[in-house]
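S.K.: what would the 3D arrangement of this be:
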Amino acid sequence: MTLSSVSLNYCVYHIAAKGNPMNIRNVAIIAHVDHGKTTLLDQLLYQSGMFRDSELDKLAGAQHDLIMDSNPLERERGITIFSKNCALYYTDRDSNEYKINIIDTPGHADFGGEVERVLKMADGVLLLVDAFEGPMPQTRFVLSKALQHRLKPVVVVNKVDRKDARPQDVVNEVFDLLVQLNADDETLDFPVIYASARDGWATTDLDKPSDNIQAVFEAIVNHIPQPAVDEDAPLQMLVTTLEHSDYLGRIAVGKVFAGTVCEAQPVTVIDNNNHHTQQKVARLYEFYGLGRRETQTVLAGDICAIAGLDPVDIGNTIACAQEPSALPVAAIDEPTMSMTFRVNDGPFAGRDGKLVTGRHIKERLEKELQHNLSLRVEPGSNTDEFVVSGRGLMHLGILLENMRREGYELCVGKPEVIIIMVDNHQQEPVERLVVDCPADCQSSVMGLVGERRAEILAVGAKTGSNDYVHMEFFMPARGLFGLHARMMNATQGRAIMHHTFERYEPLKGTIPQRQAGVMVATDSGLVTAYALDALYDRGIFFVEPGEMVYDGQVVGEHCKDNDIPVNAVRTKQLTNVRASGKDEAARVRPIRRMSLEAALEYIQEDELVEICPNSIRIRKRLLKEADRRRAARKQKPPAPKV
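M.R.: Numbering: from 1, shown residues only. Down below sits the predicted model:
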């Protein structure tokens, strides 16, 4: 196909598209973790009329039977990690047809980069708030990002069928939150919908119950503005998501802000350094339902996918070949935490994983950087080390978990907050911590956060609950390491804790570290019940009889504050002397199995977490006891001369 025929096709598609425009609404669903945004989106899919119930039932899975949470990690943890979008078609009472592009976003602040990246495609937001909990830290975070993009919110008070629901108080709290975020008068006059996403109904008036979710569709059509675009201007499309196909290569997903894009159209791709490359649209797709379908043209204001462009990255502009001009790129918040990834050099290296070298780890991190905008990777002290920075422990933990499942083996060090210099003074990240706990546990919680340099913002009875206390604090981010486990122990698992990044403040004083020491194995081999029985009173174990351990591996937590070497593989000597006891009487404590995030919070500076496809171990940086003693002597200050 020649360039002239491509231009002719472009003109024909452009005229045809302008002759039959479709009403488009682009809306993002934002909420705090577990407030029900994915459940609401699933109900919109069921009641859209585009699918048979049996089709969607096949896609549902995990403990909550959610459709949009399709990633295995999302289904295991019950949270949204990756943003996704779908397209529904809706016909109102006046027979006007609308295309609604819905974007499902993560609720955890650690995945804020996903939210910031995709909000550029939206023209309004559905803000979901739990009818009992009200606005939470992540609600504040995602709402502030929406207001920065000047997106109009439609408030959906979800879970109003709860016995302890307080919908009117929650609406007032949302109003107060918007005032705190300096929202304008038009934003403060937000529409409100009351819903039970689990049961599939929504209404604008609690006195007028409903049996369907029609009110949400009507609110999107009537209150979310049409895309502010110019169809007659030259093409401008901002790439916000990258996908990959084994047959088509990179697939760029984004919103068309101006003009019209057509299949086989010549375009100019403008990268983040303002470098222009002439390319051609090989395949053009529009979103339809949960998937995509090939199309000839896409109008301004719609979200589409383009295949055949290379190079192309997130933040690039796909522009008209004759009059290229770049779109502004939304700023992404910088990381607040870093961690050292290094090659696994332990004795068991290569037994589980197949991707174990520094080259493998480097290539995987470079691949992650293509779509994970809030991640940063820098070289470490040697070629086998990489300093990886992210938005929080869960952000980096999800990356490590994905790498582990893909067959990678590596070691990671203790997480560290990123210290910045402002006017020649060190500043550290401070987070807003919200704790809801029983009244009888309040003193324990206050003691825990007080020793970690927390500043009290508010303390009071939780609205709607007589026996729970609501507390808010400002706390240095480094004080959160290990806090969750101690908080759960202090409150018998009854506390609810959430936190989100607030700002940078001058560096505060020291914060207590782990108080207990560890038990370090001195020999390699199989753990025996005989050895653990002899160590019964020394503490809690991380291994059980029959597991393989090696010299330098942490096998348990010592009951005192010092580390001790232990022989966990000692066997009973075989002699011809009859023993007074029996092996069946060996006492072995129940082991403590730690998740990946818990292990990362647990370790100290001289320890590493060894991550393998089939196991997660804690080990010392220096495996030999003699090397650790030598290093400890070097760190001690010299004795004063008499």
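
S.K.: only C-alpha atoms for contact and neighbour calcs from this point on.
M.R.: Will do.

S.K.: where does the stretch 1-150 of the chain have low pLDDT?
M.R.: 1-22, 61-66, 69-70 (pLDDT under 70).

S.K.: hmm, I was thinking of the stretch 451-600 of the chain
M.R.: 576-585.

S.K.: could you pull out the helices for it?
M.R.: Here the stretch 451-600 of the chain has its helices, by DSSP state H, counting those that start in this stretch, at 483-490, 529-534, 596-602.

S.K.: so which bits of the last one are buried?
M.R.: Pointing back at helix 596-602 there. For helix 596-602, a neighbour-count test (16 or more other CA atoms under 10 Å) marks 596-602 as buried.

S.K.: how far away is residue 291 from residue 25?
M.R.: Relative to residue 25, residue 291 is positioned 18 Å away (CA to CA, to the nearest Å).

S.K.: Serialize the buried residues of helix 596-602 to JSON lines and add fields for distance to residue 506.
M.R.: JSON lines is the format used below for the buried residues of helix 596-602 (distance: CA to CA, whole Å):
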{"residue": "596", "distance to residue 506": "31"}
{"residue": "597", "distance to residue 506": "27"}
{"residue": "598", "distance to residue 506": "28"}
{"residue": "599", "distance to residue 506": "29"}
{"residue": "600", "distance to residue 506": "26"}
{"residue": "601", "distance to residue 506": "23"}
{"residue": "602", "distance to residue 506": "26"}
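
S.K.: quick one on the thing from earlier: looking at residue 291 and residue 25, which has the bigger crowd around it?
M.R.: Under the criterion of other CA atoms under 10 Å, the comparison of residue 291 against residue 25 puts residue 25 first, with 25 against 11.

S.K.: just want the most central residue of this protein.
M.R.: What sits nearest the mean C-alpha location of the chain, by CA atoms, centre = their mean, is residue 111, with 3.4 Å.

S.K.: that one contacts residue 395, doesn't it?
M.R.: Yes - proximity of residue 111 to residue 395 meets the contact threshold set by CA atoms under 8 Å, at 6.2 Å.

S.K.: before we move on, back to that, which one of the buried residues of helix 596-602 is nearest to residue 93?
M.R.: Using CA to CA, residue 597 comes nearest to residue 93 of the buried residues of helix 596-602, at 50.2 Å.

S.K.: residues touching the closest one, list them.
M.R.: Going by CA atoms under 8 Å, 6 or more residues apart in numbering, residue 597 touches 393-394, 397.

S.K.: okay, it and residue 518: tell me how far apart.
M.R.: On the measure of CA to CA, residue 597 and residue 518 end up 18 Å apart.

S.K.: same question for residue 159.
M.R.: In terms of CA to CA, residue 159 sits 45 Å off from residue 518.

S.K.: and for residue 569, the neighbour number?
M.R.: 24.

S.K.: can you count the residues close to the residue lying closest to it once chain neighbours are set aside?
M.R.: Excluding its sequence neighbours, the residue lying closest to residue 569 (CA to CA, 6 or more residues apart in numbering) is residue 527, at 4.5 Å. If you count neighbours by other CA under 10 Å, residue 527 ends up with 24.

S.K.: in the stretch 301-450 of the chain, which spans are strands?
M.R.: Secondary structure of the stretch 301-450 of the chain (DSSP state E, counting those that start in this stretch): strands at 303-307, 317-320, 337-342, 376-379, 385-390, 410-412, 416-417, 420-422, 425-438.

S.K.: please convert those to TSV, extending it with mean neighbour count, distance to residue 558 and mean pLDDT.
M.R.: TSV is the format used below for the strands of the stretch 301-450 of the chain (neighbours: other CA atoms under 10 Å; distance: least, CA to CA, whole Å; pLDDT from 0 to 100):
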stretch	mean neighbour count	distance to residue 558	mean pLDDT
strand 303-307	24	56	93
strand 317-320	28	57	93
strand 337-342	23	26	94
strand 376-379	16	35	93
strand 385-390	22	30	94
strand 410-412	25	22	95
strand 416-417	20	24	92
strand 420-422	13	36	90
strand 425-438	20	29	91
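
S.K.: with distance to residue 286 added, can I get those in TSV?
M.R.: Below are the strands of the stretch 301-450 of the chain laid out as TSV (distance: least, CA to CA, whole Å):
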stretch	distance to residue 286
strand 303-307	5
strand 317-320	16
strand 337-342	38
strand 376-379	32
strand 385-390	32
strand 410-412	40
strand 416-417	42
strand 420-422	43
strand 425-438	40
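
S.K.: of all those strands, which one is nearest residue 480?
M.R.: Here strand 425-438 is closest among these (CA to CA), at 8.9 Å.

S.K.: just checking, what packs against the closest one?
M.R.: Applying 3 or more CA pairs under 8 Å, 6 or more residues apart in numbering; DSSP states H and E, one finds that strand 425-438 makes contact with helix 137-148, strand 420-422, strand 468-476, strand 496-506.

S.K.: alpha carbons of it, in CSV - could you do that?
M.R.: Extracted as CSV, the C-alpha positions of strand 425-438 are listed here (Å, rounded to 0.1, in the frame of the first residue of the first chain):
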residue,chain,number,x,y,z
HIS,A,425,19.3,19.2,55.6
GLN,A,426,18.3,15.5,55.5
GLN,A,427,14.6,14.8,55.1
GLU,A,428,12.8,11.4,55.3
PRO,A,429,9.4,10.3,54.1
VAL,A,430,6.6,10.6,56.6
GLU,A,431,3.3,8.6,56.3
ARG,A,432,-0.2,9.1,57.6
LEU,A,433,-1.0,6.1,59.8
VAL,A,434,-4.6,5.3,60.7
VAL,A,435,-5.3,2.6,63.4
ASP,A,436,-8.7,1.3,64.5
CYS,A,437,-8.5,-0.9,67.5
PRO,A,438,-10.5,-2.0,70.6
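
S.K.: figure out how far that strand is from the centre of its chain.
M.R.: Between the centre of strand 425-438 and the centre of its chain there are 18 Å (CA atoms, centre = their mean, to the nearest Å).

S.K.: so what are the sheet partners of that strand and their directions?
M.R.: When pairing is defined by DSSP bridges, strand 425-438 lines up against strand 420-422 (antiparallel), strand 468-476 (antiparallel), strand 496-506 (antiparallel).

S.K.: can you list the residues that contact that strand?
M.R.: Here strand 425-438 has contacts from 136-137, 336, 417-421, 462, 467-477, 491, 494-507, using CA under 8 Å, 6+ apart.

S.K.: buried subset of those residues?
M.R.: Among the contacts of strand 425-438, those classed as buried by 16+ other CA under 10 Å are 136-137, 336, 417-420, 462, 468-477, 491, 495, 497-502, 504-506.

S.K.: domain map for the protein?
M.R.: Following automatic domain parsing, one finds the domains of the chain at 3-17+231-320, 22-223, 420-506.

S.K.: nearest to residue 533, of those domains?
M.R.: domain 420-506 (25.6 Å).

S.K.: what about the closest one, how long is it end to end?
M.R.: Domain 420-506 has an end-to-end distance of 9 Å (CA to CA).
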